[in-house]
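Asks: build me a model:
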Amino acid sequence: MTHSSITRSTLEQEYDIVVIGGGTAGPMAAIKAKERNRDLRVLLIDKANVKRSGAISMGMDGLNNAIIPGHSTPEQYTKEITIANDGIVNQAAVYAYATHSFETLSQLDRWGVKFEKDQTGDYAV
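Replies: This is a model prediction of the structure:
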């Protein structure tokens, strides 16, 4: 029996706040912390790439479902979410999310969060 050696290294970094979970609540918590104090060192950790992560990021409420101008409208989004959930949604809350999602996406992008983009530099939809 042969054993391969595994090389492990440790990288130590310091943060003021560490948010665990990239679903809907995690990024919002990180945003609110930075809005309160832009000098905070905030780290957001998720278990995997958004394309293969948990139910929220692959579902109807993740930032990967932001309303990109020219591609969709808050009204369309609200209608689709309502249909997808058999009408059991708070349409006012879904509409509010849809209305502000691109602003939130843009803010995170300015802060250095990496979102998938196409060859022209636009957000991949």
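
Asks: which one is Leu105 nearest to, not counting chain neighbours?
Replies: Leaving aside its chain neighbours, Leu105 sits nearest to Ala66 (4.3 Å; criterion: CB to CB, 6 or more residues apart in numbering). Using the backbone N, CA and C atoms, a C-beta is placed for each residue, glycine as well.

Asks: if I pick that neighbour, what's in contact with it?
Replies: Shown in contact with Ala66 (CB atoms under 8 Å, 6 or more residues apart in numbering): 101-102, 104-105, 123.

Asks: which of those fall within helices?
Replies: The members of those that map onto helices under DSSP state H are 101-102, 104-105.

Asks: specify which member of these is nearest to Val42.
Replies: Nearest to Val42 among the ones in helices among the contacts of Ala66: Thr104, at 15.0 Å, using CB to CB.

Asks: my guess is that closest one contacts Lys32, does it?
Replies: No: taking contacts as CB atoms under 8 Å, Thr104 lies outside contact range of Lys32: 11.0 Å.

Asks: who's more crowded, these two?
Replies: Comparing Thr104 with Lys32 by neighbour count (other CB atoms under 10 Å), the higher total belongs to Thr104, at 15 against 11.

Asks: elements contacting the helix or strand containing Ala96?
Replies: For Ala96, the host element (DSSP states H and E) is helix 91-110. Applying 3 or more CB pairs under 8 Å, 6 or more residues apart in numbering; DSSP states H and E, we find helix 91-110 packed against helix 25-36, helix 74-84.

Asks: closest one to Lys117 among these?
Replies: That would be helix 25-36 among the helices and strands packed on helix 91-110, by CB to CB, at 17.7 Å.

Asks: got the contact list for that closest one?
Replies: The contact list for helix 25-36 (CB under 8 Å, 6+ apart) reads 17, 19-20, 40, 42, 44, 46, 63, 104, 107-108, 111, 113.

Asks: pull out the buried residues from stretch 85-104.
Replies: Judged by neighbour count using 16 or more other CB atoms under 10 Å, the buried positions of stretch 85-104 are 89, 94-95, 97-98, 101-102.

Asks: same question, stretch 109-125
Replies: So stretch 109-125, judged by 16+ other CB under 10 Å, has buried residues Tyr123.
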